[in-house]
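> this is a predicted model, with the sequence first.
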Amino acid sequence: MAQDSEDLVSDYQFWLQKLSVWEQASSKETQQDTCLYLSRFQEFLRRMYEILKEMDSDAILERFPTVGQLLAKTCWNPLILAHDESQKILIWCLCCLMNKVPRTPGESELNSWIRGLLSYVLSAFRFDMKEVGLFTKSLGFEPIDYYPSLLKNMVLSLVSELRESHLNGLNTQSRMAPEHIMSLSQVCVPLVTLPDFEPLVEALLTYHGHEPQEVLSPEFFEAANEAFLSKKIILSTSSVVSLWFRHFPSLEKATLHLFEKLFSSKRNCLRGMECCIKESLLLKFALKTYFPYGAPSLTAALSQHPEAIPQGHRLQPLLHISQLLREAIEDSTHGSQRGPFESWFLFVHFGGWVDLAMEQLLRKEAEPPAGLLWLLVFYYSPQDGSQQRERSMVALKELLNRLLMLLGSGPLSAVDLQEAAESPSPPICAQLVRCLLLSLLLWTPEGHASAREAITRMVHTDAAAHEIVGFLDQTLFRSDHLCDEASRKLARELLQELQAQV
């Protein structure tokens, strides 16, 4: 190592002088001289990198005080940059000079200056092609053909370097220093939206070293996340998921971005919402990621497909789910809101069970099971305590009995239905009442005749109209296991009529 360092020092002044000569003249003779010495200069850069990567930035500047000048002259020489291998080695040398955590204004200024050089190198396909044009034409290339290939080769070379470093693991002799990877990620911040750099962005996102701390800069994560969300770049699923796992602010922003899209235009269209959610890749996470405290037995029960259960065998699994939910909530820590709402969010995620519970309660031949009443009251009012929930269950049972009596006493009257729905005592959640009434109108043959008039009476505010539109859309979305063709036809007609009004 010491001998290599001494040899490098002896060559250092020679190459610094050479670069100064090449910088001052752009004649054909200078170009020929540059090409003649290019392979030797690349070897010098490679040796320099092997030495610099073992030193911190302070030691580098102490031993090689003019190293910044040498590397800057290299960056400004288009014939040297015209070779992707030279670009790659130059990038690593510049990364060695950066302070991972700058402590003084001088170090911050040095970092900024180096990032400027790195950005210039990485975007070298834009530089003035006058000098390089003469060289490439002599080789039979047109610049328009040459530069994209140069950039592609340079990016692929960096990607290969990252992958080799990733595979080398703890072999510190042949893997990149974490600060160099950090520096490269900072350089890529303004370049993430360029299509040619997508392989490098993906390689950085999927790179996992063995360091205890993150080796990529937060600014890089933020830039990559913003570019992906705005559809300015296309990234693989693995790289996007890796991005969100490694940088939680990006995951939060992606989630908020999804909510904004859903609330802005898709709130009354479940199929559109489903498509939007799938496009976001946020379903790609394991269910445990979203519900870390959910009881495994409850998650397993809810994970069944409700539509796969035969018509005559749906009550038992519903009662089992009700029992598991009740146990999860009543066994939660006193005063803690995590238990009830964690279970509620999990239950809402599998909302098809609520529709099945409503369907079972509207069966005229059976007494309303307490477990199903509890499910609906909990679904619509999860914030209630156990005593309030018990009172709501009593009121819901009375309301249900009144509606079923009307259903069995002849043609349904919209006025009678409205009066029955407005008189539960004690009062219960208005949304639950409306959904129960809408279910009766749509899912029973007797309710079809008065459905339009009854719904017209219910649509007295914009909020109520949007709620009913959402219910109708939900009915059509899950119609395969809930209702017959006549009910689906009526739901489609009512949905079209209401959507024209809101």
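Cool, the structure landed. Numbering: from 1, shown residues only.
> pretty sure Leu282 contacts Leu256?
No - using CB atoms under 8 Å, Leu282 makes no contact with Leu256, being 11.1 Å away. For glycine as for every other residue, the C-beta is placed from the backbone atoms N, C-alpha and C.
> so between the two, which is more surrounded?
Leu282 (18 against 11; other CB atoms under 10 Å).
> need the contact list for the nearest residue in space to that one that is not next to it in sequence.
Nearest non-adjacent residue to Leu282, counting by CB to CB, 6 or more residues apart in numbering: Leu258, 6.1 Å away. Going by CB atoms under 8 Å, 6 or more residues apart in numbering, Leu258 touches Cys276, Ile277, Ser280, Leu282.
> out of these, list just those in helices.
Those of those mapping onto helices are Cys276, Ile277, Ser280, per DSSP state H.
> residue contacts, the residue most central in space within the chain?
Nearest to the geometric centre of the chain sits Ala254, at 4.7 Å (CA atoms, centre = their mean). For Ala254, the contacting residues are Asn225, Leu229, Trp244, Ser280, Leu282, by CB under 8 Å, 6+ apart.
> ok, now how distant is it from Gln499?
29 Å (CB to CB, to the nearest Å).
> ok, Val433 next?
Counting by CB to CB, the gap from Val433 to Gln499 is 23 Å.
> measure the residue nearest to the centre of the chain to Ser280 for me?
7 Å.
> what residue spans form the domains of the chain?
Domain assignment for the chain, taken from automatic domain parsing, gives 2-187, 287-499.
> rank the ones you listed by pLDDT, which is bottom?
Mean pLDDT values for the domains of the chain show the minimum at domain 2-187, a mean of 75.
> please identify which helix or strand holds Leu216.
Counting by DSSP states H and E, no helix or strand carries Leu216.
> list the contacts of it.
With contacts defined as CB under 8 Å, 6+ apart, the neighbours of Leu216 are Ile181, Met182, Ser185, Leu204, Leu205, Tyr207, Arg246.
> where does it land on pLDDT?
pLDDT, Leu216: 89.
> where does it fall, phi/psi-wise?
Dihedral angles of Leu216 (phi, psi; degrees, to the nearest 10) stand at phi -110, psi 150.
> quick one: distance of whichever strand or helix holds Leu262 to the chain centre.
Element membership for Leu262, per DSSP H and E: helix 248-265. Offset of helix 248-265 from its chain centre (CA atoms, centre = their mean, to the nearest Å): 9 Å.
> buried residues of it, list them for me.
Ser250, Leu251, Lys253, Ala254, His257, Leu258, Lys261, Leu262 (16 or more other CB atoms under 10 Å).
> what kind of secondary structure is Glu54 in?
Following DSSP: H, G, I helix; E, B strand; the rest coil, Glu54 is assigned to coil.
> phi, psi for it please.
According to degrees, to the nearest 10, Glu54 has phi -90, psi 0.
> Cys106: how many residues sit nearby?
For residue 106 the amino acid is Gly, not Cys. Applying other CB under 10 Å, we find 10 residues neighbouring Gly106.
> the host helix or strand of it packs against which elements?
Following DSSP H and E, one finds Gly106 within helix 105-122. Judged by 3 or more CB pairs under 8 Å, 6 or more residues apart in numbering; DSSP states H and E, helix 105-122 is in contact with helix 67-75, helix 84-97, helix 178-187.
> the longest one: how far from the chain's middle?
Okay, so that is helix 84-97. 32 Å.
> go on, the last one?
Here helix 178-187 is found 23 Å from its chain centre; the criterion is CA atoms, centre = their mean.
> now it against helix 105-122, angle please.
In terms of direction (axes from the mean of the first three to the mean of the last three CA atoms, to 10 degrees), helix 178-187 departs from helix 105-122 by 70 degrees.
> can you list the residues that contact helix 178-187?
Contacts for helix 178-187 (CB under 8 Å, 6+ apart): 53, 91-92, 94-96, 98, 100, 114-115, 118-119, 122, 158, 162, 165, 204, 207, 209, 211, 213, 215-217, 219-220.
> now the shortest one
Helix 67-75 is touched from outside by 12, 15-16, 19-20, 23, 45, 52, 60-61, 64, 80-81, 86, 90, 93-94, 97, 110, 113-114, 117, 120-121, with contacts defined as CB under 8 Å, 6+ apart.
> sort out which of those are buried, if you could.
12, 15, 19, 45, 52, 60, 64, 80-81, 86, 90, 93-94, 97, 110, 114, 117, 120-121.
> give me the number of residues near Glu198?
If we define neighbours as other CB under 10 Å, then Glu198 has 18 of them.
> before we move on, which element is it in?
Using DSSP H and E, the element containing Glu198 is helix 198-205.
> off-centre distance for that helix?
With CA atoms, centre = their mean, you get 16 Å for helix 198-205.
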